[in-house]
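>>> Below: sequence and its predicted model.
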Amino acid sequence: MQRPKPAVIDRATALRYMGAAGWQPDAAATALLDKAEALVLDAATPRAALRLLPRSALPTEGQGNDLRRHLEGCSHLLLMAATLGGELDKLLRRLELSDIALATAADAMASVLLEQVCDALEAEQRAYFLQQRGLYLTGRYAPGYGDCPLALNDELCLAIDTVRGCGLAVTEQHLLSPRKSTTAILGAADHPVTGYRAGCATCHLQKKCAYRKRGITCADS
């Protein structure tokens with residue numbers, strides 16, 4: 001399904017993704033960020049797919065202690081996938097070959113835009129499921145967080161049918177294509193649930209994490 005596109009991208013978060021949290025851009029940097037934002041918003045085509053399933057429908061057992069803790073007390077799973085589309089991928093690849101500074105800014109802007117799309121979708125679903133189904137949702141938890149293997153993307157995307165649902169595919173390495181895409185698992189229960197936010201201590205990518213190099217974590221992305 002097509003998703004609304006935010007009118008603006010959260011610039012403070014984009015700067016944090018670029019390792020420049022709290023920095024006040026000068027005129028030249030502001031112009032660069034303005035251009036990156038305009039290009040990303042023009043190229044992005046947000047789409048998403050959702051499916052509510054009984055917890056037993058997805059093989060979450062043996063997928064790490066962090067995911068198990070996240071789903072404690074939940075009877076159902078809300079599976080979510082979202083993407084900004086292939087045209088944005090083309091834009092980022094083109095910029096990487098022609099203007100590395102603009103490419104860096106655009107990549108950060110795109111990551112933030114994807115999060116904004118997902119935040120809005122989650123807020124809608126949280127209200128819908130509580131009002132219409134009497135179900136409470138945890139926060140989002142994605143394969144690759146903590147000790148949850150990235151390979152769970154395969155089963156998750158198959159369960160949602162993301163190829164037809166939003167044009168999102170999974171590579172042999174369990175990565176998502178288009179690049180600016182994400183998946184998530186939200187637990188659902190008939191009573192309030194909070195879920196569990198994985199920390200860096202259990203993550204199998206701890207020593208080579210690109211987020212940590214930028215001073216943030218995947219929980220912030």
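All right, it came through fine. Values in this document were obtained by computation on a predicted structure and should not be read as measured data.

>>> can you give me the strands in this protein?
For the chain, the strands defined by DSSP state E occupy 47-54, 76-83, 136-137, 169-170, 176-177, 181-189.

>>> right, so of these, which gets closest to Tyr17?
strand 181-189 (14.3 Å; CB to CB). Yep, even glycine has a C-beta here, placed from its N, CA and C like the rest.

>>> picking up where we left off before, output the strands of the chain as TSV; include the columns mean pLDDT, mean neighbour count and distance to Trp23.
TSV is the format used below for the strands of the chain (pLDDT from 0 to 100; neighbours: other CB atoms under 10 Å; distance: least, CB to CB, whole Å):
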stretch	mean pLDDT	mean neighbour count	distance to Trp23
strand 47-54	97	17	32
strand 76-83	98	24	29
strand 136-137	97	20	35
strand 169-170	97	18	36
strand 176-177	97	18	30
strand 181-189	97	24	26
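
>>> looking at these, which is closest to Leu67?
Of all those, strand 181-189 comes closest under CB to CB, at 7.2 Å.

>>> Asp161 - nearest residue in space that isn't next to it in sequence?
Excluding its sequence neighbours, the residue lying closest to Asp161 (CB to CB, 6 or more residues apart in numbering) is Ala49, at 7.1 Å.

>>> biggest helix in this structure, by residue count?
The residue-count maximum for a helix in the chain (DSSP state H) belongs to helix 100-128.

>>> relative to strand 76-83, how tilted is that one?
150 degrees (axes from the mean of the first three to the mean of the last three CA atoms, to 10 degrees).

>>> Check which helices and strands helix 100-128 sits against.
helix 11-17, helix 27-43, strand 47-54, strand 76-83, helix 86-98, strand 136-137, strand 181-189 (3 or more CB pairs under 8 Å, 6 or more residues apart in numbering; DSSP states H and E).

>>> Please compute how far it lies from its chain's middle.
7 Å (CA atoms, centre = their mean, to the nearest Å).

>>> how about it: buried residues?
102-118, 120-122, 125-126 (16 or more other CB atoms under 10 Å).

>>> Quick test: name the residue nearest the centre of this structure.
Computing the C-alpha centroid of the chain and ranking residues by CA atoms, centre = their mean puts Thr182 first, at 4.0 Å.

>>> residues contacting it?
81-83, 114, 118, 142, 176 (CB atoms under 8 Å, 6 or more residues apart in numbering).

>>> go with 7 Å
82, 114, 118, 142, 176 (CB atoms under 7 Å, 6 or more residues apart in numbering).

>>> Next: Leu32.
101-102, 105.

>>> Go through those residues and name the one nearest Asp10.
The closest of the contacts of Leu32, once distances to Asp10 are taken by CB to CB, is Ala105, at 13.5 Å.

>>> so what's the closest one closest to, chain neighbours aside?
Ala36 (3.7 Å).
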